[in-house]
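Colleague: Got a predicted structure here, sequence first:
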Amino acid sequence: MEINLPKGTHDVILDEARAYDRIETVFKAAADLYGFNEMRTPVIEHTELFVRSVGDSSDIVRKEMYTFKDKGDRSITLRPELTAGIMRSIVNNKLYATQDLPLKAYYVGPAFRYERPQLGRYRQFNQFGVEAVGVTSPYSDAEVIMLGFNALKMLGFEDITLKINTLGDEASRNNYRVALKEYFAHHLEGMCEDCKVRYEVNPLRILDCKVPEDQKIVEGAPKMSNYLSPEAKDRFDAILALLDAFSVPYEIDENLVRGLDYYSHVVFEYHYTTKKGVNVGAMGAGGHYDNLISDLGGPALSGVGFACGIERVYALLKDDELLVDTKETTDFYVMPMGEEALQDGFMVGAALRAAGYRTEVCLENKNFKTMFKRAERKGSRFAIIIGDDEIKTETVTMKNMATQEQFKVAYGDLIAKADELFDLEDEEHHHHHEE
Ligand code: ATP
Ligand code: MG
């Protein structure tokens, strides 16, 4: 009996795996450009970590976590996001004391949420994200927002919509919550069950409700901008001015509150709609936080970060045919004609690989046509044919797969010839062969 995938999970294979690798490589290159270093933290953490950071009023902690007791009776949770683990690690390792501030970390890896699966929404998915911790300047917020924007541009997206809002400081939010409670008190009757809970634990959460009828009610709700303290407003304006100065387009969305409890001040999301009109919700999202490090037992350091969903980025790039270099390629495909030739073919393959050429040797006894088809499917640049004549004369027949041009190369000249061929191609295509 075949065993199926758990609901909400997916295999990443073949071209898709190559695309994921490329997406992650571009994200890492962007983060590297801004001076961020990689951090890798465990997939499992103590449940308490997420309750304290993501927050018990969030949907994630309330109903989406994969939580279980391990054999030692500890409550363990599969991370629903990666920021909390990064913050825990910063505190545990006292990085704030030994490293220069801001600490700039990036991460990539799987996250787990028990959600209703749909397009761009999985139960196991991958996030790439960055965190800058330890400077309070709005420049740091702007830098992180711009990093995400540029990374998505480097991936090939144009017309990214940056939605942005401010949640203000604690005083602003407290005033705003009172106003929201007053407003929603008159509407609560007709709203969804979740909103009734949100009303009690954190009325800000109601602005994030995805139920269409509730969204209509949200439209009439008081606006955060009317409850901002002057300092909080100045801070937001400073960030917007920096985005303006660097021509980063944005849309202010006053209902943008984000699903995690730890944010304060600026919050933002990156959106994109494909030419066919596909929209998977936010490709990435983030914001500024003030109490995350101190809530986990560290000093009072604020930070800013975002996370992008690799699955959503992939789906959008694919829909707009923006995925490049995802086909398999090899440099050489060695075709031994018959059992006898395999020994020499195997040797030739080993020699080419030792010289850094990506080489596949056909290890089965197949006819020429079959092997040639395989060479094509492998995306080989050259086929190397070894038959009885070739063994006798210790030469191979090389075939340029693109031009069909054929020529003989002595065993002893093979590497020199490969170097020559790939140098030539480099000049023609301005593309460097990886050595
Ligand atoms: P949404 O409002 O779409 O549920 P979120 O507020 O839960 O998103 P975050 O927790 O901030 O999102 O996660 C950051 C990014 O991770 C999202 O913008 C999205 O690209 C991705 N993401 C979140 N949940 C999922 C999921 N279940 N499957 C795939 N990607 C996800
Ligand atoms: Mg969510």
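Modeller: Alright, I've got the coordinates. Residues are numbered from 1 along each chain as shown. Ligands and ions are numbered 1, 2, ... in the order given.

Colleague: Return the distance of residue 309 relative to ligand 1.
Modeller: Distance of residue 309 to ligand 1, given as Cβ to the nearest ligand atom, to the nearest Å: 2 Å. Heads up, the C-betas are built off the backbone N, CA and C, glycines and all.

Colleague: so how many other residues sit close to that residue?
Modeller: Residue neighbour count, defined by other Cβ atoms under 10 Å, stands at 23 for residue 309.

Colleague: contacting residues for it?
Modeller: Listed by Cβ atoms under 8 Å, 6 or more residues apart in numbering, the contact set of residue 309 reads 120, 125, 126, 127, 282, 283, 284.

Colleague: Which of those lies at the shortest distance from residue 248?
Modeller: Comparing these against residue 248 with Cβ to Cβ places residue 284 closest, at 14.1 Å.

Colleague: burial count for that closest one?
Modeller: 26.

Colleague: Show me the shaky parts of this structure.
Modeller: 425-435 (pLDDT under 70).

Colleague: swap the cut-off to 80 and go again
Modeller: The chain contains residues with pLDDT under 80 at 259-261, 424-435.

Colleague: Please list the residues of it that sit near ligand 1.
Modeller: Taking Cβ under 6 Å from any ligand atom, the part of the chain that reaches ligand 1 is made up of 81, 113, 115, 120-122, 125, 127, 258-259, 281-285, 307-309, 311-312.

Colleague: Mind checking which of those residues land in helices?
Modeller: Judged by DSSP state H, these include 311, 312 as members of helices.

Colleague: Quick check on the residues of the chain next to ligand 1: which are buried?
Modeller: Among the residues of the chain next to ligand 1, those scoring as buried are 81, 113, 115, 120-122, 125, 127, 258, 282-285, 307-309, 311-312 (criterion: 16 or more other Cβ atoms under 10 Å).

Colleague: Could you say which helix or strand holds residue 261?
Modeller: Residue 261 belongs to no helix or strand when assigned by DSSP states H and E.

Colleague: surely it meets residue 202?
Modeller: Yes: counting by Cβ atoms under 8 Å, residue 261 does reach residue 202; the two are 7.0 Å apart.

Colleague: any common contacting residues for those two?
Modeller: Common neighbours of residue 261 and residue 202 (Cβ under 8 Å, 6+ apart) are 55, 57.

Colleague: between those two, which one's more packed in?
Modeller: The residue with more neighbours, out of residue 261 and residue 202, is residue 261; 24 against 19, by other Cβ under 10 Å.

Colleague: got the contact list for the more buried one?
Modeller: 53, 54, 55, 56, 57, 58, 202.

Colleague: which residue sits closest to the fourth one in space, ignoring its chain neighbours?
Modeller: In other words, residue 56. residue 62 (6.9 Å; Cβ to Cβ, 6 or more residues apart in numbering).

Colleague: what about that neighbour, distance to residue 55?
Modeller: From residue 62 across to residue 55, the span is 9 Å (Cβ to Cβ, to the nearest Å).

Colleague: if I look at the residue in the stretch 51-200 of the chain positioned nearest to ligand 1, how far off is residue 56?
Modeller: Residue nearest to ligand 1 within the stretch 51-200 of the chain: residue 125 (3.5 Å; Cβ to the nearest ligand atom). Residue 125 sits 23 Å away from residue 56, going by Cβ to Cβ.

Colleague: Equivalent analysis for residue 403, please.
Modeller: Distance from residue 403 to residue 56, counting by Cβ to Cβ: 65 Å.

Colleague: Show me which of these two is the more surrounded one.
Modeller: Between residue 403 and residue 56, residue 56 has the larger neighbour count (other Cβ under 10 Å), namely 13 against 7.

Colleague: now the closest residue to residue 229 other than its chain neighbours, what's its secondary structure?
Modeller: Nearest non-adjacent residue to residue 229, counting by Cβ to Cβ, 6+ apart: residue 172, 5.0 Å away. When classified by DSSP: H, G, I helix; E, B strand; the rest coil, residue 172 comes out as helix.

Colleague: And the strands in the stretch 251-400 of the chain?
Modeller: 251-252, 263-271, 284-289, 303-309, 330-336, 359-361, 380-386, 395-400 (DSSP state E, counting those that start in this stretch).

Colleague: For residue 243, find the nearest of those.
Modeller: Residue 243 lies closest to strand 263-271 among these, at 9.8 Å (Cβ to Cβ).

Colleague: Show me what that closest one packs onto, helices and strands only.
Modeller: helix 138-154, strand 161-166, helix 230-245, strand 284-289, strand 303-309 (3 or more Cβ pairs under 8 Å, 6 or more residues apart in numbering; DSSP states H and E).

Colleague: Format these as TSV; extra columns: distance to residue 379.
Modeller: Output for the helices and strands packed on strand 263-271, formatted as TSV (distance: least, Cβ to Cβ, whole Å):
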stretch	distance to residue 379
helix 138-154	24
strand 161-166	36
helix 230-245	42
strand 284-289	31
strand 303-309	29
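
Colleague: any residues touching stretch 46-62, and which ones?
Modeller: The contact list for stretch 46-62 (Cβ under 8 Å, 6+ apart) reads 65, 67, 74-77, 79-81, 83-85, 87-88, 113, 194, 197-198, 201-202, 205, 259-262, 292, 295-296.

Colleague: Out of those residues, list just those in strands.
Modeller: Using DSSP state E, 67, 75, 76, 77 are the members of the contacts of stretch 46-62 that sit in strands.

Colleague: any idea which of those has the most stuff around it?
Modeller: residue 77 (22 neighbours).

Colleague: distance of the residue of the chain most remote from its centre from ligand 1?
Modeller: Most distant residue from the mean C-alpha position of the chain: residue 392, 53.3 Å away (Cα atoms, centre = their mean). To ligand 1, residue 392 is 59 Å away according to Cβ to the nearest ligand atom.

Colleague: So in terms of bridging, what pairs with the residue of the stretch 51-200 of the chain closest to ligand 1?
Modeller: Per DSSP bridges, the residues bridged to residue 125 are residue 111.

Colleague: what sits against it?
Modeller: Counted by Cβ under 8 Å, 6+ apart, residue 125 has contacts 110, 111, 113, 309, 310, 311.

Colleague: Out of those, flag the one nearest to residue 331.
Modeller: Checking those against residue 331 with Cβ to Cβ, the nearest one is residue 310 at 28.7 Å.

Colleague: Please, where are all the helices along the stretch 301-435 of the chain?
Modeller: Secondary structure of the stretch 301-435 of the chain by DSSP state H, counting those that start in this stretch: the helices cover 310-319, 339-354, 368-377, 388-393, 414-429.

Colleague: Many thanks, we can stop here.
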